[in-house]
Every structure is written in structure tokens, then in C-alpha cells.
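1. Requesting a structural model of the entry that follows:
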Amino acid sequence: MTGGADGLSWLSDQRILLSVVISAVLVVFVRRVDLLLLRSGRVSTDTVDDLRKFRGVATGTTVVITLVWIAGQPVPSWLADPFESVGGPDFVDGVVAFLPPFVVGERGPLLVTLLGFWWTWRLRVTGDDIIERLVARQYDETLAPIAENIWDVTVIGVFLFLVLDQWAIGVAALLAPAGIIGIVLGFAARKTVANFFGSLALYADETYKRGDFIELENGSKGTVRDISVRSTVLQTLDGDLVTVPNAELSGGKVVNKSSPRPDRRIQSTVGVSYDADPDRVQSLLREAATPVSRRREPVVHLRSFGDSALLFEVFVWIREPADRREAEHELNMALYRALDDADIEIPYPQRDVTVDRGPPD
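-> Residues are numbered from 1 along each chain as shown. Purely as a prediction, here's the structure:
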């Protein structure tokens with residue numbers, strides 16, 4: 001019997017020693033795997049940086065699992081006497097008595113919950129960084145926020161199901177109240193849900209992207225600075241930031257002034273006196289508009305006969321929508337100077353009023 005007990009004790013000692021060695025090897029591997037991957041030359045630097053973010057959580061998990069396993073094993077024979085001589089058993093008993101019974105009795109589920117929360121947090125943060133980089137590079141940056149939200153919900157959902165299973169909480173028992181809560185939240189967050197699906201529709205239709213200049217149905221216009229799952233941020237020509245819900249954008253008319261095309265047209269209407277030579281006016285206006293039209297030759301034609309003036313329409317083309325105001329000012333000033341230098345009158349509406357005082361007495 002003594003030989004059998006000694007054999008079991010020796011086997012237990014070897015298991016503990018083996019677990020410590022394996023744990024140490026795993027910790028060293030976790031801390032140095034980045035260098036091995038870099039030397040191989042088959043993995044990008046971005047991937048290695050992402051893996052480095054998991055070193056802390058992987059090391060902590062390995063150490064905790066090893067300590068928990070060792071704590072469940074008998075004290076090794078070579079450590080029993082020294083451990084007892086320094087009051088080790090009494091110290092352990094005191095620590096266990098100090099801890100709440102809940103922690104001692106449920107240490108397994110508690111450790112899984114804490115480690116699971118640590119892993120969930122790291123997976124969520126690092127996963128969002130990876131998604132933002134890869135999706136923006138390979139597809140479209142407007143899809144990144146949507147993909148990040150789907151990833152976050154998936155990781156958190158897996159974590160919650162794992163924790164419920166560890167604490168022996170039946171998921172079926174939570175479905176009924178969860179359904180009621182879901183209905184209440186659905187009514188409360190219907191605008192948020194509408195904005196989310198609005199963002200999906202905007203992405204599917206490729207309505208716009210960051211940097212585009214758009215004009216909304218309500219007259220708002222500006223450059224798209226940010227696109228999130230809930231809203232789109234526009235920077236107006238005045239420099240103000242306007243936040244517009246995606247549901248409003250998806251259901252309304254959006255004019256993308258930055259759509260792929262070689263030029264953008266602006267126009268100005270000017271009236272001249274009926275005494276002016278139309279051919280000469282057309283030549284002067286075209287010459288004055290040429291420096292403003294940066295994409296094509298300007299176009300000038302007689303539009304109509306006004307009450308007090310010949311109305312000419314001048315078209316020029318610019319590069320960017322944000323240049324419209326400056327180009328309009330530059331064009332109007334050039335047209336005015338050209339007509340003024342040529343002594344061509346720009347008439348204004350006049351009315352002759354005759355007062356009939358009736359026959360004299």
C-alpha cells in the first residue's frame with residue numbers, strides 16, 4: 001500500500017511540474033510569437049501588431065488556468081513539510097475563510113465570467129480596429145461602422161450565452177421576458193433601428209461617401225465628413241457641422257454633386273440695353289467668362305427679351321462644388337467690369353406713372 005501511495009504521490013508531483021513547464025513554455029511562446037512571425041516574412045506588420053494586443057490576456061489566462069489546476073492537486077511531498085512549517089495551510093484556510101462563500105463555492109463560473117469579460121473586451125476593441133482597416137481598404141469606409149456593430153453584437157452575444165451556461169441559467173426561461181423587453185425597446189428605439197437600416201440602404205445604393213458634396217431635399221448642402229450607423233455629418237460652406245439622421249437621408253432626395261463627371265456647371269443671367277449690339281455683347285461676355293471657366297470654354301447665348309433688357313445667359317464650368325460661391329462672385333464681377341468698360345448699359349426696370357388730375361374747373 002505504501003508503495004502504491006508513493007507512486008501516486010510521485011505521479012501527482014510530475015503532473016504539477018509538467019503543468020508548470022507547459023505553462024511557462026506557453027507564456028514564452030505568447031510573448032515571442034510576434035518575433036517569429038516577423039522573421040518568417042509571411043505575415044504583415046499590421047497583423048503582428050493586432051496579435052500583440054492579445055499577449056496580456058493570453059498570458060493571464062494561461063497563468064490563471066495553471067494555478068487553478070495546481071490548487072486542485074495534492075501538495076507535493078517535497079513541498080508538504082516546508083509548506084506546513086511556515087504555516088501555509090493555516091494561511092490558505094484564513095484566505096478561504098476571508099473570501100465570501102459565493103466566491104469559494106462558485107469559483108469556476110466566476111473565473112470563466114471574469115476571463116470571458118477580459119477576452120470579450122479585447123476581441124471587441126481589436127476586432128473593431130481590424131474591421132475598420134480591412135473594410136475601408138478593400139471595400140468602402142462607409143461599411144466599416146456597420147460591420148463593427150455586427151461584430152460587437154456577435155462577440156457580446158457569445159459571451160452572454162457562455163456566462164449563462166456556466167451559471168446554469170436556462171436560456172429558454174429568459175426568452176419570454178426578453179420578448180416583452182424587445183417589444184418595448186423596439187418601440188423606444190424605432191428611430192435608431194430606422195437609421196440603422198437607412199445606413200444599409202445608403203451603402204447598398206452607393207448614394208455618397210466621405211468627401212462627397214451633397215445637397216438635400218430641404219436645401220441643406222455640404223461635404224460629407226463622417227458616416228455612422230445612426231447619422232451622417234455634413235460640413236456646410238459656412239463651416240458648420242450638421243448631423244442628419246440616415247433614415248431622413250434614405251427616405252428623401254439626395255443630390256450628389258461629387259458624382260463622377262468631368263465638370264460642374266454654373267450660370268449667370270445678365271441684362272443689357274436694347275440699344276446694344278447682341279453680337280458684340282455675346283463676344284464680350286464670352287471673353288470675360290473665359291478665365292472663370294476652368295474645365296471648358298464658356299457658353300453665352302441670348303436667352304429672352306425682357307421688359308427692359310436683352311437677357312443673356314452665361315455658362316461656365318468649375319472643378320469642385322465647394323468652389324461655386326467663389327466662382328459665381330468672380331463671374332459676376334468679370335461680367336460687370338466687361339460691360340462697364342464697353343459702356344454697355346445694364347438697365348433696371350422703370351415705370352412711367354402719369355397722374356390724371358381730371359378736367360380743369
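
2. Assumed Gly271 was part of a strand.
-> Yes. Gly271: assigned to a strand according to DSSP: H, G, I helix; E, B strand; the rest coil.

3. quick one, what contacts it?
-> Each residue near Gly271 by CB atoms under 8 Å, 6 or more residues apart in numbering is listed here: 306, 308-312, 346-347. All C-beta atoms are positioned from the backbone trio N, CA, C, and that covers glycine.

4. hmm, 10 Å instead?
-> Gly271 is in contact with 303-304, 306-312, 345-349, counting by CB atoms under 10 Å, 6 or more residues apart in numbering.

5. which stretches of the stretch 251-361 of the chain form strands?
-> All strands of the stretch 251-361 of the chain, identified by DSSP state E, counting those that start in this stretch, fall at 254-256, 264-272, 299-305, 310-318.

6. now the ones you listed in JSON lines, with mean pLDDT and distance to Thr236?
-> What follows is the strands of the stretch 251-361 of the chain, written out as JSON lines (pLDDT from 0 to 100; distance: least, CB to CB, whole Å):
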{"stretch": "strand 254-256", "mean pLDDT": "85", "distance to Thr236": "15"}
{"stretch": "strand 264-272", "mean pLDDT": "88", "distance to Thr236": "18"}
{"stretch": "strand 299-305", "mean pLDDT": "90", "distance to Thr236": "29"}
{"stretch": "strand 310-318", "mean pLDDT": "91", "distance to Thr236": "18"}
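
7. Mean neighbour count, the ones you listed: which tops it?
-> Per residue and on average, the most neighbours among the strands of the stretch 251-361 of the chain fall to strand 310-318, with a mean of 20 (mean count of other CB atoms under 10 Å).

8. what angle do it and strand 299-305 make?
-> 150 degrees (axes from the mean of the first three to the mean of the last three CA atoms, to 10 degrees).

9. which secondary structure elements does strand 310-318 contact?
-> Secondary-structure packing of strand 310-318 (3 or more CB pairs under 10 Å, 6 or more residues apart in numbering; DSSP states H and E): strand 264-272, helix 278-289, strand 299-305, helix 324-341.

10. between the ones you listed, which one is nearest to Asn218?
-> When the helices and strands packed on strand 310-318 are compared by CB to CB, helix 324-341 sits nearest Asn218, at 18.4 Å.

11. The closest one: how far from the chain's middle?
-> 42 Å (CA atoms, centre = their mean, to the nearest Å).

12. With stretch 224-233 instead?
-> Centre-to-centre, stretch 224-233 and its host chain are 8 Å apart (CA atoms, centre = their mean).

13. Ends of it, what's the gap?
-> End-to-end distance for stretch 224-233: 6 Å, by CA to CA, to the nearest Å.

14. Buried residues, it. List them.
-> 224, 227-233 (16 or more other CB atoms under 10 Å).

15. what do you get for stretch 38-45?
-> Buried residues in stretch 38-45, counting neighbours by 16+ other CB under 10 Å, are absent.

16. pLDDT averaged over the helix or strand containing Gly198 - what is it?
-> Gly198 belongs to helix 190-205 when assigned by DSSP states H and E. Helix 190-205 shows a mean pLDDT of 67.

17. Likewise for stretch 215-230?
-> Averaging pLDDT along stretch 215-230 gives 83.

18. Could you dump the helices and strands packed on strand 310-318 into JSON lines with distance to Phe159 added?
-> Shown next, in JSON lines, are those (distance: least, CB to CB, whole Å):
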{"stretch": "strand 264-272", "distance to Phe159": "50"}
{"stretch": "helix 278-289", "distance to Phe159": "65"}
{"stretch": "strand 299-305", "distance to Phe159": "64"}
{"stretch": "helix 324-341", "distance to Phe159": "51"}
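
19. Next one, pLDDT for the spatially most central residue of the chain please.
-> With distances taken as CA atoms, centre = their mean, Pro145 lies nearest the centre of the chain, 3.9 Å away. Per-residue confidence (pLDDT) for Pro145: 72.

20. That one belongs to a strand, doesn't it?
-> No. Applying three-state DSSP, one finds Pro145 to be helix, outside a strand.

21. Now do it against Ser258, distance only.
-> 20 Å (CB to CB, to the nearest Å).

22. got it, and Leu241?
-> Separation of Leu241 from Ser258 (CB to CB) stands at 18 Å.

23. Can you get me a residue count around Arg337?
-> Counted with other CB atoms under 10 Å, residues neighbouring Arg337 total 11.

24. how's this protein carved up into domains?
-> Per the record, the chain has its domains at 2-167, 196-256, 264-341, by automatic domain parsing.

25. what residue ranges in the stretch 1-150 of the chain score low on pLDDT?
-> 1-13, 77-81, 83-105, 136-143 (pLDDT under 70).

26. Can you tell me how far Asp152 is from Ile146?
-> Going from Asp152 to Ile146 by CB to CB gives 11 Å.

27. Quickly list what's touching both of the two.
-> Here Asp152 and Ile146 have Ile131 as joint contacts, going by CB under 10 Å, 6+ apart.

28. Helices along the chain, start to end?
-> 2-40, 45-52, 55-71, 77-85, 88-98, 101-105, 107-138, 144-166, 171-188, 190-205, 246-251, 278-289, 324-341 (DSSP state H).

29. Can you give the contact residues for the last one?
-> This means helix 324-341. With CB under 10 Å, 6+ apart as the test, helix 324-341 has contacts from 213, 221, 237, 257, 264, 266-270, 272-273, 276, 281, 283-294, 298, 300, 312, 314-320, 323, 344-346.

30. No further queries at this time; thank you.
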